[in-house]
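Asker: build the 3D model from these lines:
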Amino acid sequence: MINFLFISIEESFFIIFIAIIIFGPKKIPYIARNMGDGIRYLRNAKHKIQNEIRKSSIDYFYEKKQKSIKK
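Answerer: Residues are numbered from 1 along each chain as shown. Take a look at the predicted model:
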């Protein structure tokens, strides 16, 4: 049996049960939606940073190549 994040099925049900008791069944979808939005925001920020690093490295090597051609 595959355990997600080293948590068994029984432990997962227990965590969900406690979450329902604490937050109530009406707030669980709202909390999950907000967590999804947060994860999406972080993923987009990561992609933007990676693209900026790639762009700056390409620009750096292009400028370096241009300088060597001019000499």
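Asker: state which helix of the protein is the longest.
Answerer: Secondary structure of the chain per DSSP state H: the longest helix is helix 28-70.
Asker: distance check, the residue positioned nearest the centre of the chain against residue 9.
Answerer: With distances taken as CA atoms, centre = their mean, the residue of the chain nearest its centroid is residue 43 (3.9 Å). As judged by CB to CB, to the nearest Å, residue 43 and residue 9 stand 28 Å apart. C-beta: built from backbone N, CA, C; applies to glycine.
Asker: now do residue 69
Answerer: For residue 69, the distance to residue 9 equals 63 Å [CB to CB].
Asker: so between these two, which is more surrounded?
Answerer: Set side by side, residue 69 and residue 9 show more neighbours around residue 9, with 10 against 7, by other CB atoms under 10 Å.
Asker: phi, psi for that one please.
Answerer: phi -60, psi -40 (degrees, to the nearest 10).
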